[in-house]
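Student: Can you look at this prediction? I've put the sequence above it.
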Amino acid sequence: MGAGWELGAAAGRSLLLCAALLVAGCALGLRLGRGRAAADRGVLAWLCYDALVHFALEGPFVYLSFVGNIADSEGLIASLWKEYGKADARWLYFDPTIVSLEILTVVLDGSLALVLIYAIVKEKYYRHFLQITLCVCELYGGWMTFFPDWLMGSPNLNTDSWLYFGVYLVFFNSVWVLIPGLLLCQSWVELKKMYYKGTNSGKKFQ
């Protein structure tokens, strides 16, 4: 009874923290996108949440991994990663692949998200170049996080629990596959529109 309650409480705190970041990211993104098209407001909401996750959750993970490891750390962020570590044990101790990817994610992906927010708000010409770059980085991170472990038979992944497998591993990580995929499609469509617009404008002056 006690162990089950502790498990539920730990999961609840972790999910509550993730929900709080989602609400904060959406609120900030929608505020920045006032007066813009619904699609851009949605993208801004996602990018603000994305940046918050990279800097507020994954940044501390990298720090804690260098000063020790998650399993021996204390605090709210450490408890969140300990909970996630029940689904993927590599996050509890210093795994070189995971830590290397997280450094890249925090520094590169987090920075790209911030610059992309600026590019959308200020309507900069390089918006879709940044959007494509960020999306490819996010997809690469997801691939390199899981495929090496899958090739070895998933020894570090807990697939026996619906919470750890269905929610932590599948749902949370698939979000960073689905949304970058949709944003890549959006960039494809917008670049195609710009190409044909430029082509048609050029023909008028021929």
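Tutor: Structure received. Numbers count the residues shown, from 1 in each chain.

Student: Give the buried residues for the longest helix anywhere in the chain.
Tutor: Assignment by DSSP state H gives helix 172-204 as the longest helix of the chain. Residues of helix 172-204 classed as buried: N173, W176, I179, P180, L183, L184, Q186, S187 (neighbour count, 16 or more other C-beta atoms under 10 Å). C-beta here means a position set from N, CA and C on the backbone, and glycine is covered the same way.

Student: Using a markdown table, lay out the residues you listed together with pLDDT.
Tutor: Listed next are those as a markdown table, based on pLDDT from 0 to 100:
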| residue | pLDDT |
| --- | --- |
| N173 | 96 |
| W176 | 97 |
| I179 | 98 |
| P180 | 98 |
| L183 | 98 |
| L184 | 98 |
| Q186 | 97 |
| S187 | 98 |
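
Student: okay if I get those residues as JSON lines plus distance to W46?
Tutor: Conversion of these to JSON lines gives the following (distance: C-beta to C-beta, whole Å):
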{"residue": "N173", "distance to W46": "15"}
{"residue": "W176", "distance to W46": "10"}
{"residue": "I179", "distance to W46": "6"}
{"residue": "P180", "distance to W46": "9"}
{"residue": "L183", "distance to W46": "8"}
{"residue": "L184", "distance to W46": "13"}
{"residue": "Q186", "distance to W46": "11"}
{"residue": "S187", "distance to W46": "14"}
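
Student: Who are the packing partners of the longest helix of the chain?
Tutor: In terms of contacts (3 or more C-beta pairs under 8 Å, 6 or more residues apart in numbering; DSSP states H and E), helix 172-204 is packed against helix 38-52, helix 127-151.

Student: Understood, closing this out.
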